[in-house]
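*Asks:* Pasted the sequence and its predicted model underneath.
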Amino acid sequence: MTAWSEWPAPAKLNLFLQITGRRPDGYHTLQSVFRLLEWGDTVRLRVRNDGRVCRVGESVPGVAEQDDLLVRAAIALQRATNCKLGADISVEKRIPAGGGFGGGSSDAATVLVALDRLWGTHLGTDRLAELGLALGADVPVFVRGDNAWAEGVGEIITPIALPPAWYVIADPGVHVPTASLFQIPELTRDSPPATMRDFVSGAVPGNAFEPLLRRREPAVQAAFDALAHIGTPRLTGTGSGLFVEFADRESAGSALARLRKGAPQLVAWSAAGASVSPLRRALSPAR
């Protein structure tokens, strides 16, 4: 076995999210903008020569190792390339589960991208994104590593340039199962399609799930109220996580200090928006 190597798995924010329709297969079509962050998990990998893929350390509670998304990502790459190598996989988790920050999807994408490098399989970004889509709708965004305008079920991705920004982020601690959210009758499923120009001008709605979660989850409403004292809160993804955008680090830091003073019980932190994924930067030098 080789030595361990470390790879970033950045979190994301959905700067808006709306549902535009429903396909015959039951999947919803959506539009969103994914903002990658300079903060997230750290995935550690060690190449094995015996072909085994092993999760080292804690997995998701109640999930068998063979069902672990990171293990599934490695095995998918093995099968797609007939690679005879294996890997030990370990994750230092910082991204809260169920918050809508993309932690599981980002971890899986990092496994795909980093093992493609470490195993020398050279599958290429398009094929890796295709493998990622079979693991989860958000995985291709992390594989490609750009801030992105997303459509379809999340698989139609167009890179988008976003200005520098900092975010105060809060985790109300509510684990939201995505599948159940999509079944709520009050969910708006027929928003008119927006354009990138609409987004840039601020003429798109917020997050279709925000009013539902604020009504159904008191902790989300309490976090929203606390964040409203420092700016305009927004929900990310289909989770319970909330964020407020700021122009620079100093503004975000000052706002975070005020938030912690006014709502000391709320788990909150600040993070910078990334122009490209930290994972892509990690791939640039020879490893």
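*Replies:* That came through fine.
*Asks:* any weak-confidence spans in the stretch 151-287 of the chain?
*Replies:* By pLDDT under 70, the low-scoring segments of the stretch 151-287 of the chain are 178-179, 185, 187-188, 190, 285-287.
*Asks:* Helices along that one, start to end?
*Replies:* Assigned by DSSP state H, counting those that start in this stretch, the stretch 151-287 of the chain shows helices spanning 178-182, 196-201, 210-216, 218-227, 249-262, 278-283.
*Asks:* could you pull out the strands for this protein?
*Replies:* Taking DSSP state E, the strands of the chain run over residues 5-22, 28-48, 53-55, 86-92, 148-151, 156-159, 166-171, 234-235, 242-246, 267-272.
*Asks:* and the direction of the fourth one versus that of strand 5-22, what angle?
*Replies:* Using axes from the mean of the first three to the mean of the last three CA atoms, to 10 degrees, the interaxial angle of strand 86-92 with respect to strand 5-22 works out to 80 degrees.
*Asks:* neighbouring contacts of strand 86-92?
*Replies:* When contacts are defined by CB atoms under 8 Å, 6 or more residues apart in numbering, strand 86-92 is touched by residues 1, 4, 9, 41-57, 70-71, 74, 78, 107, 111, 115, 118-119. From N, CA and C alone the C-beta is placed, and that goes for glycine too.
*Asks:* swap the cut-off to 7 Å and go again
*Replies:* 41-48, 50-57, 70-71, 74, 107, 111, 115 (CB atoms under 7 Å, 6 or more residues apart in numbering).
*Asks:* Buried subset of the residues you listed as a ChimeraX selection?
*Replies:* For the buried members of the contacts of strand 86-92, the matching ChimeraX selection, counting by 16 or more other CB atoms under 10 Å, is:
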select :41,43,44,45,46,47,53,55,70,71,74,107,111,115
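*Asks:* measure the residue nearest to Leu162 when sequence neighbours are not counted to Arg280 for me?
*Replies:* With sequence-adjacent residues excluded and distances taken as CB to CB, 6 or more residues apart in numbering, Leu162 is closest to Asn147, at 4.8 Å. Asn147 is 11 Å from Arg280, where distance means CB to CB, to the nearest Å.
*Asks:* same check, this time on Val168
*Replies:* Val168 is 25 Å from Arg280, where distance means CB to CB.
*Asks:* between these two, who's got more neighbours?
*Replies:* More neighbours surround Val168 than the other of Val168 and Arg280, with 27 against 18 (other CB atoms under 10 Å).
*Asks:* follow-up on the earlier one: could the strands of the chain be laid out in CSV, adding distance to Val204?
*Replies:* Formatted as CSV, these follow (distance: least, CB to CB, whole Å):
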stretch, distance to Val204
strand 5-22, 5
strand 28-48, 8
strand 53-55, 39
strand 86-92, 34
strand 148-151, 11
strand 156-159, 15
strand 166-171, 18
strand 234-235, 12
strand 242-246, 14
strand 267-272, 23
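*Asks:* Of the ones you listed, which is nearest Phe224?
*Replies:* Nearest of the strands of the chain to Phe224, taken as CB to CB: strand 242-246 at 6.1 Å.
*Asks:* Okay, buried residues for that closest one please.
*Replies:* In terms of neighbour count (16+ other CB under 10 Å), strand 242-246 has its buried residues at 242-246.
*Asks:* ok, now stretch 26-42?
*Replies:* Buried residues in stretch 26-42, counting neighbours by 16+ other CB under 10 Å, are found at 28-41.
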